[in-house]
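# with the input below, show me the fold.
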Amino acid sequence: MSAPYILVLYYSRSGSTNEMARQIARGVEQAGLEARLRTVPAISTECEAVSPEIPDEGALYASLDDLKNCAGLALGSPTRFGNMAAPLKYFLDGTSNLWLTGALVGKPAGVFTSTASLHGGQETTLLSMMLPLLHHGMLITGLPYSESALLETQGGGTPYGASHHAGADGKSGLDAHEVALCRALGMRLAKTAQKLES
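All right, here's what the predicted structure looks like:
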């Protein structure tokens with residue numbers, strides 16, 4: 001059996017969610033577990049279009065085995081009208097076999113998002129990503145107010161999960177509080193997974 005890992009599964013369009021995923025992975029690794037970064041392909045509007053099996057750059061595409069064998073999950077998406085982006089939803093819609101077998105029951109999960117506008121639906125997106133995870137029987141791990149960055153942030157960050165305000169052009173980088181909250185989420189997931197494994 002391979003060493004336990006936290007799957008950091010995300011979709012990113014402009015790079016903000018990707019950067020959040022990398023910071024969450026650092027938090028996971030700081031807690032002593034492997035972080036496995038995976039993404040999902042974009043959905044084409046053309047029925048005949050096929051995405052390459054392996055992306056040209058960045059994280060590999062996620063497989064159902066990546067999800068099935070993880071010790072915990074961090075799930076991230078940019079906001080689309082207060083909801084997760086379609087490519088991530090499409091991937092999750094294909095996890096029925098994992099649901100039928102209970103493969104994810106009892107595993108910790110956390111969520112993260114980025115938005116172009118400050119009031120662009122961060123909390124509703126985080127909540128929408130939790131719903132399929134709850135159906136899978138996963139244990140939702142948020143960010144408590146004992147994380148001082150949650151009390152100090154002027155941008156992203158909620159008790160439901162890590163978040164980031166990227167600005168209208170999507171170019172605003174993560175601020176120090178957002179980085180701290182991403183890493184804290186990764187550490188909480190890893191520590192929870194370790195406790196559940198022992």
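# tell me where the protein has helices.
16-30, 64-68, 86-93, 96-101, 122-135, 148-152, 176-197 (DSSP state H).
# now those in JSON lines, with mean neighbour count, distance to T115 and mean pLDDT?
Any C-beta I mention is one placed from the backbone N, CA and C, and that applies to glycine too. Shown next, in JSON lines, are these (neighbours: other Cβ atoms under 10 Å; distance: least, Cβ to Cβ, whole Å; pLDDT from 0 to 100):
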{"stretch": "helix 16-30", "mean neighbour count": "23", "distance to T115": "9", "mean pLDDT": "98"}
{"stretch": "helix 64-68", "mean neighbour count": "15", "distance to T115": "25", "mean pLDDT": "97"}
{"stretch": "helix 86-93", "mean neighbour count": "19", "distance to T115": "15", "mean pLDDT": "96"}
{"stretch": "helix 96-101", "mean neighbour count": "12", "distance to T115": "29", "mean pLDDT": "98"}
{"stretch": "helix 122-135", "mean neighbour count": "19", "distance to T115": "5", "mean pLDDT": "97"}
{"stretch": "helix 148-152", "mean neighbour count": "14", "distance to T115": "17", "mean pLDDT": "93"}
{"stretch": "helix 176-197", "mean neighbour count": "22", "distance to T115": "12", "mean pLDDT": "97"}
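# reformat those as CSV; add distance to G76.
As requested, the helices of the chain are arranged in CSV below (distance: least, Cβ to Cβ, whole Å):
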stretch, distance to G76
helix 16-30, 5
helix 64-68, 14
helix 86-93, 8
helix 96-101, 19
helix 122-135, 8
helix 148-152, 18
helix 176-197, 9
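# of the ones you listed, which is nearest V40?
helix 86-93 (4.4 Å; Cβ to Cβ).
# what's that closest one packed up against?
Judged by 3 or more Cβ pairs under 8 Å, 6 or more residues apart in numbering; DSSP states H and E, the packing partners of helix 86-93 are strand 5-10, strand 72-80.
# gap between it and the chain center?
Centroid displacement of helix 86-93 relative to its chain, using Cα atoms, centre = their mean, to the nearest Å, is 13 Å.
# sorry, back to before: save the helices and strands packed on helix 86-93 as TSV, and put in mean neighbour count too.
What follows is the helices and strands packed on helix 86-93, written out as TSV (neighbours: other Cβ atoms under 10 Å):
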stretch	mean neighbour count
strand 5-10	26
strand 72-80	27
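# nearest approach to L104 belongs to which of those strands?
strand 72-80 (7.5 Å).
# so what strands line up beside that closest one?
strand 5-10 (parallel), strand 83-84 (antiparallel), strand 108-115 (parallel) (DSSP bridges).
# mind checking the pLDDT average for it?
For strand 72-80, mean pLDDT is 97.
# and that strand, how far from the chain's centre?
3 Å.
# quick check: angle from that strand to helix 86-93?
140 degrees (axes from the mean of the first three to the mean of the last three Cα atoms, to 10 degrees).
# T95: which of the strands paired with strand 72-80 is closest?
Between those, strand 5-10 lies closest to T95; by Cβ to Cβ that is 10.9 Å.
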